[in-house]
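**Student:** sharing a sequence plus its predicted fold:
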Amino acid sequence: MRRWLYGVVLLILGDGTSPAQEGAVSPWYRLYDGITAYIVNPQGREFTVECQIKDSNFLEVGPREVLVKVYDPQGKAVVREVIPDDGIPGGDTEVAAGGWDHVAWLLAYSYQRGATPLVRWRHFHEPTRLAALPQRSFRYRVHGPPGIYRLLLVGCPDHFVSFRLTPGLAYGVAGHPYFLALEPRHQRRHFLYVPRGATGVNIVLSDLDWPSPGTFTLRTAQGDVLFRGTIQGLMTTASVAFADPSKMQEAILEWECTERDAVYLADVKWTFPQQKAIRYRGTYAVAAVWCPDADTARQIRNGAIEHGGEVFWQPFQVRLHDWLQKLPQNERSYPPEALKPRDFLPVNGPYYASPPCDLLLHSYLEKPERRLLFAAIEDLAKGLRSIGPNDLPNVTLGYFANMAYEFGNYAWLNWRPAWLLLQRSEAPEEVKKLVHEAMLTCGDRLAFCRTWERVNGNAFAQIVAALAYSSRATGDPLQQELFRTYLQRFANGGWGPRVGIGPSGFCQEGFGYDHHYGSYILATWPAVLRDLKEPLMQQIYDRIRLGYSYTMNEESAANPWSSRTQYPPHRPIEREGEFAWKGLPGPDFTTSVNGGNEWFAARRSRYYILTYHGRLTPKWAGNAFLGQIGYGGGALCQFHIPGYGTVLDSRLAGDYGRGMHPSQWRQFHLHTLAGQMADGRPLVAADSEHLNARLQGQTVQSSGEVRDAPVQVFRQYEYQPDAVQCSVRLSATEFRPLLDLWIPHPQRSQIAEAYEIIPYLPLQAAKKGQKPKPTQVTAEDAQGKALGPVPTDRSLLARKVRIDRGGFGVIIELDRDRPVRLGPNHTLWIVLADQPTEPDKIALTYRLVPFVPE
């Protein structure tokens, strides 16, 4: 991005040098993802802010800018700048991670297995290490009226920032949207002001190195202990309800850290009861401001603005409130039908209700009654009033809030109404100026919500939509560039590996692809596409829509790769046009879906087949849920006979890994080679990523290391005119020569039992007025002699297996006579090993031959 600066003269002070001068110098803060320094300036003295920025370039891939803003006491942004990245390529770790929680899960996964991370989290905080990082300095001269100034610095956890105030004005600091990194070596005791209306406090402490020393205490001025604890297992949480909230109003609390010198993370939020005059989702909460002494805490008042007996957090909220107080009630009333505009597209589809202001403004466009406009302004003011002193909504769900949901176009649905209002020439100019100011405040901050937010693609996409509306609403060049940058990185992987749009064109979720959540964008983006006609957003939308035309199925979820849920897409199958489901009868094709080399599909007159070879949710993520979330490894997702029905399908047992831990493989309804290693570990070959998958002519080949098992799996599909020839084989792990370097382990990759598991639909196609019968699975020998039903309690030697769904189905032609049996959960098991066997002895070829009624 280009460098943008508004409002002040800027001096760049070289690399890491600044003149020695008297002033207040802050410690170094690691950004999670931002801080606000509340600067006490009771005389309105002119002062200088000198910001130092260091970038470890460790976690983040690609450029990461820093937002710098300084607000005067009246809410005017006297400094507004985006500092470009330092130009040093980042992503030393290449870890697919989002927020603090994912890094913590990854580290916990290591610690649980007796491994110490190569680089400890505290490493970069050590003074000598921190001093070695390149430093850039930026100076801003600020002047304005007396009061509390706010210095906002927002980046990402790779960024370390410090600032010097000259002359040395007192200040307090808040971290947002979650942690503030605190250095006990700099200050052990802090003072926190309880804002009026707070009834409790949420506390989260974290240290990403383990074990973690130190004791943390929060006490009242009278010495009563509200909280005392240590950090256990990288994180400690507590929720404290004040016994008598009336006695805590405007109180000063003391926080103390003892028996510890190393940095730690603290997220302390004041919690409030339901705020009826404010629209938000979750629990109303505001981040605590950490002050060096009680007097500074009293002056800052945690950033609160008290006006007319109420608490506000932004000056524009006060002015908008005062404007509304002058408006007679009858000028903002509206009939119920005004909440039902014609041809209305909700910006979050069916996933969250549209606010009245959006509905009223659309009704106003149909019938421009003054009272509808004023009623919409009143409701919009309720939404804008949720913005806190850190330019984010004052909300938490549990202990944290993902701002993609709570600030994007998911639950904070004020972006389009603001855009609509600012287009209306007849709207009051005073109101439009205030809404414009609010959109500059909100849009700037939302553009830097890009860590925790990027993991949940269904909500991450709604930040893009919100920024589109905000940048159009303000017409501001900086916001327009912030939107373009955000959108481009969302589209091309610029926000990091496995987030945003993936190589196959789908919106990623949980560092993989979720078939259900990934479809939400198809329900939420039609509104913004119709309103703003953004070309790149339309291209993204169409590519996702095309992808779903390959992956959907009429009878089954058929989504073994799904990285969150087992549910099918939240949309109907299309049956006509470019995006019609490819399982419908049609011309032959063979393709890599959207050219991503993850899904491969082929259609012939008698079959449609889809296989998945791509990315999976990381093992450390599954470790924090219920099991492995999604499988691939070249798995057959669906084998469908156009015009008749699906015969073979792979499905997950539950959400977030429920019932899908590799140890539960015997119950899987999943196409995979599975079994048990000689040492007792489960073997599930579908737990592998085949990043080398390629289509050559009519053949797909792929291979990959099986995760948590020392073997490789190789798969091949040859698409023939009347059948699909499938091959699978195993070999020892690629790492075996290294692992056997000094002491060879002869049983390292040995397998005790192995089966090729082929799942089928359990019931025949339903006939009108009849209860569907069970699918018939029968065997034949090499001469075509019928051997009867495949048994469940023993193996039967067979050359062919016929899976019949009532006149149509598939015949599985094996490469030689092999033992077969039925497994649990409607699966056919082809026995490949029933005694200790080396992996290179395990191989199978078979043909899937569809049949239909004669």
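**Tutor:** Looks like it arrived, so ask away. None of the values given here were measured: they were computed from a predicted structure. Numbering: from 1, shown residues only.
**Student:** which strands and helices lie in contact with the longest strand along the chain?
**Tutor:** Taking residue count as the measure and DSSP state E as the definition, the longest strand of the chain comes out as strand 809-823. Secondary structure elements in contact with strand 809-823, counted by 3 or more Cβ pairs under 8 Å, 6 or more residues apart in numbering; DSSP states H and E, are strand 635-641, strand 645-649, strand 751-759, strand 796-804, strand 827-833, strand 843-851. To be clear about C-beta, it is placed using only N, CA and C from the backbone, and glycine gets the same treatment.
**Student:** could you rerun that using 10 Å?
**Tutor:** Packing contacts for strand 809-823, counted by 3 or more Cβ pairs under 10 Å, 6 or more residues apart in numbering; DSSP states H and E, involve strand 635-641, strand 645-649, strand 724-732, strand 751-759, strand 776-780, strand 796-804, strand 827-833, strand 843-851.
**Student:** tell me which of the ones you listed sits most buried.
**Tutor:** For those, average neighbour numbers computed from mean count of other Cβ atoms under 10 Å are highest in strand 635-641, which has a mean of 26.
**Student:** what about that one, distance to the chain center?
**Tutor:** Here the centre of mass of C-alpha atoms in strand 635-641, compared against the chain's by Cα atoms, centre = their mean, to the nearest Å, lies 29 Å away.
**Student:** would you mind getting the angle between it and strand 645-649?
**Tutor:** Relative orientation of strand 635-641 and strand 645-649, computed by axes from the mean of the first three to the mean of the last three Cα atoms, to 10 degrees: 160 degrees.
**Student:** send the alpha carbons of strand 635-641 over as PDB?
**Tutor:** This file holds the C-alpha atoms of strand 635-641, laid out as PDB (Å, rounded to 0.1, in the frame of the first residue of the first chain):
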ATOM      1  CA  ALA A 635     -11.200 -40.200  -1.200                       C
ATOM      2  CA  LEU A 636     -14.100 -40.900  -3.400                       C
ATOM      3  CA  CYS A 637     -16.700 -38.400  -2.300                       C
ATOM      4  CA  GLN A 638     -19.600 -39.500  -4.500                       C
ATOM      5  CA  PHE A 639     -20.300 -42.000  -7.300                       C
ATOM      6  CA  HIS A 640     -23.500 -41.100  -8.900                       C
ATOM      7  CA  ILE A 641     -25.500 -42.500 -11.800                       C
END
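**Student:** low-confidence ranges, this structure, go.
**Tutor:** For the chain, residues meeting the criterion pLDDT under 70 lie at 1-22.
**Student:** center of it - which residue?
**Tutor:** Most central residue of the chain, judged by C-alpha distance to the mean C-alpha position with Cα atoms, centre = their mean, is Val455 at 1.7 Å.
**Student:** chain neighbours aside, what residue packs nearest to it?
**Tutor:** When the adjacent residues along the chain are set aside, Val455 lies closest to Gly98, with 3.7 Å between them (Cβ to Cβ, 6 or more residues apart in numbering).
**Student:** doesn't that neighbour lie inside a strand?
**Tutor:** No - the assignment for Gly98 by DSSP: H, G, I helix; E, B strand; the rest coil gives coil, which leaves it out of any strand.
**Student:** and the gap between it and Phe160?
**Tutor:** Relative to Phe160, Gly98 is positioned 20 Å away (criterion: Cβ to Cβ, to the nearest Å).
**Student:** cool, Leu683 as well?
**Tutor:** For Leu683, the distance to Phe160 under the criterion Cβ to Cβ works out to 45 Å.
**Student:** which of the two has more neighbours?
**Tutor:** Set side by side, Leu683 and Phe160 show more neighbours around Leu683, with 30 against 22, by other Cβ atoms under 10 Å.
**Student:** from memory the more buried one sits against Gly675, does it?
**Tutor:** Yes - with contacts defined as Cβ atoms under 10 Å, Leu683 counts as touching Gly675 at a distance of 4.8 Å.
**Student:** so what's in contact with those two at the same time?
**Tutor:** With contacts taken as Cβ atoms under 10 Å, 6 or more residues apart in numbering, Leu683 and Gly675 have 665, 709, 730, 751-755, 833, 842 as neighbours in common.
**Student:** what about the helices in the stretch 551-700 of the chain?
**Tutor:** Ranges of helices within the stretch 551-700 of the chain are 619-623, based on DSSP state H, counting those that start in this stretch.
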